[in-house]
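# When you get a sec, could you give me coordinates for this:
(one chain, ligands or ions: 1)
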Amino acid sequence: MSGGIVPGAPLPERGAPVPFTPEQLLFGGDWSPEQWDRATWREDVELMRRARVNTVTLGVFSWACLEPREGEYDLAWLDEVIDLLEEAGIGYFLATPTASPPPWFTRAHPEAMPVRPDGVRLTHGSRDTYAISAPAYREASRRIAAVLGEHFGGRAGLRGWHLHNEYGTLDHGPHAARAFRTWLQARYGDLETLNAQWSTAFWSQRYGDWEEITPPQDTQYLHNPAQLIDFRRFSSDEMLAAMVEQREAIRATGSRAPITTNFMLPTWNHLEQWSWAQQQDVVSIDHYLDTTAPDAETHVAYGADLTRSWAGGSWVLMEQNARGISLGDRTVVKSAQRMLRNSIGYIARGSQSSLFFQWRASLGGSEQWHSGLVPHAGDDTEHFRAVCALGETLERLAPVTALPADGPLVAAEVAIAWHADGWWALETPHLPHDGIRYAEEVRAIHRSFWRAGIPTDFARPGSDVSGYRLLVVPCLYPLSEEEVSWLEEYVAGGGELVVTFLSGLSDPSLRIVPGGYPGALRELLGVRVEEMRPLPAGVQEGLDDGSVIEEWAELLEAPGAEVLAAYTHGDLRGRPAITRSARGAGHAVYLSARLRQDSRDRFLADLCTRLGIAATVAGAAERGLEAVRRRGAGADHLFLLHHGDKEVTVRAEGTDLLTGVSAAEGLVIAAGGVAVLALAPDAEASLATGPAAMPAGG
Ligand code: GLA
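Have a look, this model is predicted:
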C-alpha cells in the first residue's frame with residue numbers, strides 16, 4: 001500500500017484528462033441503499049429501469065457501513081446492491097467514503113479532527129469532519145480506498161471511481177501547521193525569502209524560526225494577506241495530495257476504471273481547479289442553481305463552460321438538484337421543463353451526463369428535505385413522470401456523446417481568464433472595496449457573452465491562448481512575471497485583451513507593484529492609475545459613451561493609449577475611464593470602471609462586432625433562444641434551448657434528434673422548448689424573422 005505523499009513534494013506529472021466517451025448519456029444520480037431496506041432496493045432498481053436510469057453513484061457516505069469497526073469490513077451488502085444493478089444493466093460510480101469518517105474514527109483518533117480558526121476542534125455528527133493533514137486520517141483513507149479497489153475494482157458495471165466528495169474542509173490545527181511549514185519551505189526555501197515575500201516587517205511579524213509559523217488562526221485584528229493566500233494555496237495542494245494518494249491506492253490494486261472527484265461549482269472555493277483537473281481522468285462537478293429565471297440559465301452555461309475548460313473537453317455533471325432551487329432560506333420548485341432544459345444545457349456545453357443528487361429523497365437525516373428523482377410521495381407523481389420523460393429524451397441524444405477526432409468540443413473565439421488566486425486575493429480583508437467578489441465579476445463577464453449568444457472558454461493563466469481573438473481578464477489581482485509576459489505575448493501576437501479594474505495590482509505574494517496601478521500591466525495597457533475611487537453603495541454614475549457605472553472608478557491617465565470613454569462625474573469628469581492601447585499586432589483595453597450589467601453587455605457585444613466575432617446563430621439570443629454548437633464525430637449538434645416566451649422558427653440542414661423532424665423548411669421551437677439538430681457537415685443555421693421575446697421567468 002502507498003505510504004502517502006510528503007507534504008510540499010511535487011505530485012506526479014500527468015497529462016490532460018482522458019476523453020470520456022460513454023455509449024450513451026449517463027442518467028441517474030446518487031443512490032444510498034444503506035438508508036433503505038432490501039424491498040426498497042428492488043423497487044428502486046425497478047423504478048430506475050422505468051426511468052431509463054443507466055448510472056448511479058454508490059457509497060459516497062457509506063464508510064460506517066463498509067467499515068463498521070476499524071479494520072473490519074462489511075462489503076457483502078454492497079456486493080448485493082451491485083449484483084442487482086448489474087443484473088438490471090445499470091452502471092455505477094463507486095465513491096470512496098472519506099468525506100465522512102465514522103464515529104469510531106473520532107474516538108480512536110481525536111487529534112485527526114479539524115480545528116477551526118478560533119481553535120475549536122470539531123467532532124463527528126455531521127459530515128466533512130476530518131483534518132486533511134492528520135496521518136491517521138490519511139492512512140484510514142488510503143486503506144478504505146485500497147479495500148474497495150481490491151474488492152470492486154474489476155466489476156463489470158463500474159463506470160469510474162468517485163474519490164471523496166467535494167473536497168473542501170480546511171484545518172487550522174497542529175497537523176495542518178506542520179504540513180503548511182513544509183509547503184512553505186518548498187515554496188520559499190529559506191525564512192529570509194518568506195519574511196520578504198510576506199512583508200513581515202509590518203506589525204512586527206518577522207519569523208525567526210519555521211516553528212513560529214501557524215495557519216491563520218483567529219488573531220486580534222487583520223491577518224497578513226500573504227499568509228492568508230498561501231494558506232489557501234497550501235490547503236488546495238494538501239487536499240489534492242490526499243486525493244492523489246487515494247488514486248494511487250486504487251491503481252495499486254489493478255483497477256483501471258477512470259478516476260474523478262466531484263468539484264463543487266464554486267460558490268465557495270477551496271480548490272485551484274486547473275491543477276486538480278490534471279490529476280483526474282474525468283472532471284466532474286456538482287452544480288446547484290442559486291437563482292431562478294432568467295439568470296439560472298446563464299448560471300448553467302457558466303458552470304458548464306468552466307468545467308469544460310478545466311477538463312479540456314468532455315466532462316461529467318455528477319450532481320444537480322432534481323426539483324428544488326435553493327434560495328438560501330427556502331427552496332423553490334424547479335419546473336419539470338427547466339429540469340429537462342437545464343440538463344440538456346449542460347450537455348450542449350460538453351457534459352456526458354445528467355446526474356442528480358439524489359435518486360430517492362431521504363426520509364431522515366439532515367437532507368431529508370432535499371429533493372430526489374423519486375420524491376417522498378413516490379412514483380405516482382408528476383415529478384417522477386417528468387423524470388421518466390427526461391430519461392427517454394436523453395436516450396435519443398446518445399449520438400452527441402461521440403467526441404470530435406480533433407479540435408475543441410465547442411469552438412470559441414473568446415476566452416476569460418480564471419484562477420483561484422483571483423478569488424482568494426479578493427477574499428483577503430481590508431481591500432479598497434471588500435464587496436467585490438471574484439466569482440461575481442467573472443460571472444458578469446460571462447453573462448454578457450451568453451446574452452450575445454457568443455461561445456466562451458475559460459483559460460488558465462499561462463496556457464496557449466493564441467487561438468482566441470479576445471481574452472478578458474476580470475479582477476485577477478495578483479499576477480506573476482510569467483503571467484504578465486503571457487498577456488504581453490498574447491497582445492503582441494495580434495490578440496485583443498480586455499483587462500478590468502482590480503487586475504495585476506500585485507505579485508503572487510500580494511505585494512503591490514509600485515509606481516501606479518495596475519503594476520506590471522501599466523506598460524501593456526498604456527495607463528497609470530493614481531488612485532482607486534470606489535463609489536458609495538447604491539450610487540451610479542455615467543461615462544461619456546452612455547455607459548452606467550457602479551461600485552468602482554479610478555483616477556488615471558493614459559499616456560500610451562487611446563481613450564474610448566471618459567468619466568462624467570465629480571473631479572473625474574473628462575478623465576479616461578476605458579482605454580485601448582495598440583501593442584505589436586494587437587490591442588489591450590483597460591476597463592477602469594465597473595460597468596453596470598447592461599452597459600457591460602453593450603460594450604462587449606460592440607467589441608465582438610468590431611472584431612468580427614459572431615454569435616452561434618445570429619439573432620437567436622435576442623429572442624431568448626440559446627444556441628450552442630457541440631462538435632462531434634461525423635456530425636455536429638446544434639442545441640437550441642428556448643428560454644423565451646414566444647415560439648421561434650429555425651432553419652438548418654439538419655434533423656432534430658428529439659422529434660425526428662427536419663429543420664430544412666423551418667423547425668418551430670415553442671417557448672420553453674428544446675431541439676437538438678444533427679447538422680450536415682458545414683451546415684449553418686438561421687432564424688426565420690419574427691417578433692423578439694424576452695427571456696421567460698419561472
Ligand atoms: C452536495 C453534496 C451532496 C448533497 C448535495 C445537496 O453537492 O455532494 O452530498 O449534500 O450537495 O445539497
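
# and M1, what pLDDT?
Each residue has a pLDDT score; the one for M1 is 41.

# nope, D295 is what I was after
pLDDT for D295: 88.

# list the contacts for it?
R447 (C-beta atoms under 8 Å, 6 or more residues apart in numbering). Any C-beta I mention is one placed from the backbone N, CA and C, and that applies to glycine too.

# swap in A627?
Contacts of A627 by C-beta under 8 Å, 6+ apart are G453, A615, T616, V617, A620, A621, L638, F639, L640, L641, A685.

# List the contacts of the second one.
Spelled out, that is A615. Neighbours of A615 in contact, by C-beta under 8 Å, 6+ apart: A452, G453, I454, A621, A627.

# max-length helix in this structure?
Longest among the helix segments of the chain by residue count, using DSSP state H, is helix 225-251.

# Average pLDDT for it, rounded please.
For helix 225-251, the mean pLDDT works out to 98.

# does any bit of the helix or strand following that helix sit next to the ligand?
Counting by DSSP states H and E, the next helix or strand C-terminal to helix 225-251 is strand 259-260. No. Residues of strand 259-260 contacting the ligand under C-beta under 6 Å from any ligand atom: none, with a closest distance of 13.0 Å.

# What helices and strands are in contact with strand 259-260?
On a contact count with 3 or more C-beta pairs under 8 Å, 6 or more residues apart in numbering; DSSP states H and E, strand 259-260 meets strand 158-162.

# Give me the distance from the strand it packs on to the chain's centre.
Strand 158-162 sits 20 Å away from the centroid of its parent chain (C-alpha atoms, centre = their mean, to the nearest Å).

# Pull up the pairing partners for that strand, direction included.
Strand pairing for strand 158-162, using DSSP bridges, gives strand 91-95 (parallel), strand 259-260 (parallel).

# still on that earlier bit, which ones among the contacts of A627 also lie next to the ligand?
Of these, not one also sits near the ligand (C-beta under 6 Å from any ligand atom).

# Please produce a markdown table containing the strands paired with strand 158-162, extended by mean pLDDT.
Formatted as a markdown table, the strands paired with strand 158-162 follow (pLDDT from 0 to 100):
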| stretch | mean pLDDT |
| --- | --- |
| strand 91-95 | 98 |
| strand 259-260 | 98 |
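
# In CSV: those, plus mean neighbour count.
Converted to CSV, those look like this (neighbours: other C-beta atoms under 10 Å):
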stretch, mean neighbour count
strand 91-95, 25
strand 259-260, 26
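
# Looking at those, spot the one closest to D128.
Of all the strands paired with strand 158-162, strand 91-95 sits nearest to D128, with 13.7 Å by C-beta to C-beta.

# what angle do that closest one and helix 225-251 make?
In terms of direction (axes from the mean of the first three to the mean of the last three C-alpha atoms, to 10 degrees), strand 91-95 departs from helix 225-251 by 130 degrees.

# So strand 91-95, near the ligand or not?
No. Applying C-beta under 6 Å from any ligand atom, one finds strand 91-95 separated from the ligand by no less than 9.9 Å.

# can I have the helix or strand following that strand written out in CSV, keeping just the CAs?
Later in the chain than strand 91-95, the nearest helix or strand by DSSP H and E is helix 103-108. The C-alpha coordinates for helix 103-108 follow below in CSV (Å, rounded to 0.1, in the frame of the first residue of the first chain):
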residue,chain,number,x,y,z
PRO,A,103,-17.8,8.0,14.9
TRP,A,104,-15.3,5.2,15.8
PHE,A,105,-12.7,7.1,13.8
THR,A,106,-13.1,10.2,16.0
ARG,A,107,-12.9,8.1,19.2
ALA,A,108,-9.8,6.4,18.1
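
# From the contact counts, what lies against helix 103-108?
Judged by 3+ C-beta pairs under 8 Å, 6+ apart, the packing partners of helix 103-108 are helix 63-66, helix 135-152.

# Quick one: name whatever helix or strand follows the shortest one.
The element immediately downstream of helix 63-66 (helix or strand, assigned by DSSP H and E) is helix 76-87.

# one step back: can you give me the buried ones in the longest helix of the chain?
When burial is assessed from 16 or more other C-beta atoms under 10 Å, helix 225-251 yields the following buried residues: 225-251.

# Out of the contacts of A615, which sit inside strands?
Mapping those onto strands (DSSP state E) picks out A627.

# farthest-separated two in the contacts of A615?
Farthest apart among the contacts of A615 by C-beta to C-beta are A452 and A627. That separation is 11.4 Å.

# joint contacts of those two?
Shared contacts of A452 and A627, defined by C-beta under 8 Å, 6+ apart, comprise A615, A621.
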